[in-house]
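In: For reference, the sequence and a predicted model appear below.
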2 protein chains.
Amino acid sequence: MNFLEEKIVKDGIVKEGNVLKVDSFLNHQMDIDLFNKMGEEWKKRFEGKDINKILTIEASGIGIACIAAQHFGVPVVFAKKAKSINLEGEMYTAEVESFIHKNKNQVIVAKKFLTEDDHVLIIDDFLANGCALQGLIQIVQAAGATVEGIGIAVEKGFQQGGTMIRNLGYQLESLAIVDDMDHTTGEIKFR
Amino acid sequence: MNFLEEKIVKDGIVKEGNVLKVDSFLNHQMDIDLFNKMGEEWKKRFEGKDINKILTIEASGIGIACIAAQHFGVPVVFAKKAKSINLEGEMYTAEVESFIHKNKNQVIVAKKFLTEDDHVLIIDDFLANGCALQGLIQIVQAAGATVEGIGIAVEKGFQQGGTMIRNLGYQLESLAIVDDMDHTTGEIKFR
């Protein structure tokens, strides 16, 4: 087991309905030392890639992306989930559906922050059915920019998102892939 | 002018209706080197304070809080703006109104992440009328925890939030206080 899998076994909680709660260190309370280890690991896995920007999506992706960005020396752009009066001007938009919240969101990135010169690493906390990720990829492509890779903290391997993204040819580096969970025993099987 | 004021003058844009756009470095695209300077500055200004946790609110506060947390060696908790099926259990809640979005949000922090033993530094990107901040303070108090200080990137000094928070006796450290803006000339006056 790697450091993130060990942390998930130690502090993650398996709930009914294939819910994995990691809110004590990943997406409500945030363990910054852990995020730094994740950034270091992605830096190794994307060695040699020419990355000049990290793209993530609000809210849980932002902290991980900002800490990881220090290992790449690049700025972060986060996609917003609703139109704000402060976000005027031309924008790239994609519609994404959340597995957790069961709703659809318009995802927005201002055009001035993504151009055809950008080589983008996409970072997010979770990958399940992959809808959020598809929205982000769609936005990078609309900008004429290049997706150099995708870094995910926790992938639910029993849902189709990861397989689909890999089948499309993207370098997807999930630091923990959960292939099975049992809420009656709390057991978690990693790939 | 300090480093943040200089950055605002260089890359901020003054818009009609007292809107200051800082989305190229603060709250859409994020300049991580700048966030580190902000963290360093808050560490100095809160020298001697016994801080063991940083509290912020999604979404724009998260990146700043995570980078700043490295200078304090503490975890970050971010208040969520909507009830999630992943955030069950007992929660502290407060209702806050957004000046920008003109709507009300329920702000939520899980009780297990704030206790009476916590000495909290609250971090956020903007302070205008102070409603978000009041909600966060309310939550810290409900937990029996202590607000050791409040770190804000940009305060709109011509709105009442900062005055009210200081009148309540909190150590509020805003790195840039805008006392006046003119969208016709683009001029910004700092305190």
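Out: Sure, I can see it.

In: and the gap between residue A:185 and chain B?
Out: 20 Å (CB to the nearest CB, to the nearest Å). For the C-beta atoms, the positions are set from N, CA and C on the backbone; glycine is no exception.

In: which parts of the lowest-mean-pLDDT helix or strand in chain A are buried?
Out: One helix or strand of chain A scores below all others by mean pLDDT, DSSP states H and E: strand A:91-97, with a mean of 84. Burial within strand A:91-97, assessed by neighbour count using 16 or more other CB atoms under 10 Å in any protein chain shown, is assigned to A:91, A:92, A:94, A:96.

In: how about that strand against chain B, any contact?
Out: No: Strand A:91-97 lies out of reach of chain B by CB under 8 Å from any CB of the partner chain, never closer than 10.2 Å.

In: Quickly run through the sheet partners of that strand, with directions.
Out: As defined by DSSP bridges, the strand partners of strand A:91-97 come to strand A:104-110 (antiparallel).

In: and after the partner strand, which helix or strand comes next?
Out: Per DSSP states H and E, the first helix or strand lying C-terminal to strand A:104-110 is strand A:119-127.

In: Need the CA coordinates for that following strand. PDB is fine.
Out: Extracted in PDB, the C-alpha atoms of strand A:119-127 (Å, rounded to 0.1, in the frame of the first residue of the first chain):
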ATOM      1  CA  HIS A 119      -0.100  22.400 -21.300                       C
ATOM      2  CA  VAL A 120      -2.500  21.400 -18.600                       C
ATOM      3  CA  LEU A 121      -2.400  18.900 -15.700                       C
ATOM      4  CA  ILE A 122      -5.900  18.300 -14.500                       C
ATOM      5  CA  ILE A 123      -6.200  17.600 -10.700                       C
ATOM      6  CA  ASP A 124      -9.200  16.500  -8.700                       C
ATOM      7  CA  ASP A 125     -10.000  14.700  -5.500                       C
ATOM      8  CA  PHE A 126     -12.300  12.000  -6.700                       C
ATOM      9  CA  LEU A 127     -13.000  10.100  -9.900                       C
END
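
In: helices or strands up against it?
Out: Counting by 3 or more CB pairs under 8 Å, 6 or more residues apart in numbering or on different chains; DSSP states H and E, the packing neighbours recorded for strand A:119-127 are strand A:53-57, helix A:60-72, helix A:131-142, strand A:146-156, helix A:161-167.

In: So what are the sheet partners of that strand and their directions?
Out: Assessed with DSSP bridges, strand A:119-127 is paired to strand A:53-57 (parallel), strand A:146-156 (parallel).

In: Quick one: work out the angle between it and helix A:60-72.
Out: Note on geometry: by axes from the mean of the first three to the mean of the last three CA atoms, to 10 degrees, strand A:119-127 and helix A:60-72 are set 140 degrees apart in direction.

In: As TSV, the helices and strands packed on strand A:119-127 with mean pLDDT would be great.
Out: What follows is the helices and strands packed on strand A:119-127, written out as TSV (pLDDT from 0 to 100):
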stretch	mean pLDDT
strand A:53-57	98
helix A:60-72	98
helix A:131-142	94
strand A:146-156	98
helix A:161-167	96
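
In: how about these in JSON lines, adding mean neighbour count?
Out: Supplementary listing: these in JSON lines, determined by neighbours: other CB atoms under 10 Å in any protein chain shown:
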{"stretch": "strand A:53-57", "mean neighbour count": "26"}
{"stretch": "helix A:60-72", "mean neighbour count": "26"}
{"stretch": "helix A:131-142", "mean neighbour count": "21"}
{"stretch": "strand A:146-156", "mean neighbour count": "23"}
{"stretch": "helix A:161-167", "mean neighbour count": "17"}
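
In: okay, those in a markdown table with distance to residue B:135 next?
Out: Shown next, in a markdown table, are the helices and strands packed on strand A:119-127 (distance: least, CB to CB, whole Å):
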| stretch | distance to residue B:135 |
| --- | --- |
| strand A:53-57 | 24 |
| helix A:60-72 | 19 |
| helix A:131-142 | 27 |
| strand A:146-156 | 28 |
| helix A:161-167 | 34 |
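
In: Of all those, which one comes closest to residue B:125?
Out: helix A:60-72 (11.4 Å; CB to CB).

In: That closest one and chain B, are they touching?
Out: Yes: Helix A:60-72 lies within reach of chain B by CB under 8 Å from any CB, at A:62, A:63, A:65, A:66, A:67, A:69, A:70.

In: helices or strands next to the helix or strand that comes right after that helix in the packing?
Out: Per DSSP H and E, the first helix or strand lying C-terminal to helix A:60-72 is strand A:76-79. Contacts defined by 3+ CB pairs under 8 Å, 6+ apart place strand A:76-79 against strand A:53-57, helix A:60-72, strand A:104-110, helix A:131-142, strand B:29-30.

In: ok so, going back, now the two most distant members of the residues of helix A:60-72 next to chain B.
Out: Using CB to CB, the residues of helix A:60-72 next to chain B span at most 13.8 Å, a distance reached by A:62 and A:70.

In: Can you name the residues that contact the residue nearest to residue A:43 when sequence neighbours are not counted?
Out: Leaving out its chain neighbours, the residue that sits closest to residue A:43 by CB to CB, 6 or more residues apart in numbering or on different chains is residue A:71, at 4.2 Å. By CB atoms under 8 Å, 6 or more residues apart in numbering or on different chains, the contact list for residue A:71 reads A:36, A:39, A:40, A:42, A:43.

In: Doesn't the third one belong to a helix?
Out: Read that as residue A:40. Yes: the assignment for residue A:40 by DSSP: H, G, I helix; E, B strand; the rest coil puts it in a helix.

In: How about it: what's its closest non-neighbour residue?
Out: Nearest to residue A:40 is residue A:71, by CB to CB, 6+ apart, at 5.7 Å.

In: now that neighbour: how far from residue B:45?
Out: Taking CB to CB, to the nearest Å as the criterion, residue A:71 is separated from residue B:45 by 27 Å.

In: Phi and psi next, for residue A:58.
Out: phi -70, psi 150 (degrees, to the nearest 10).
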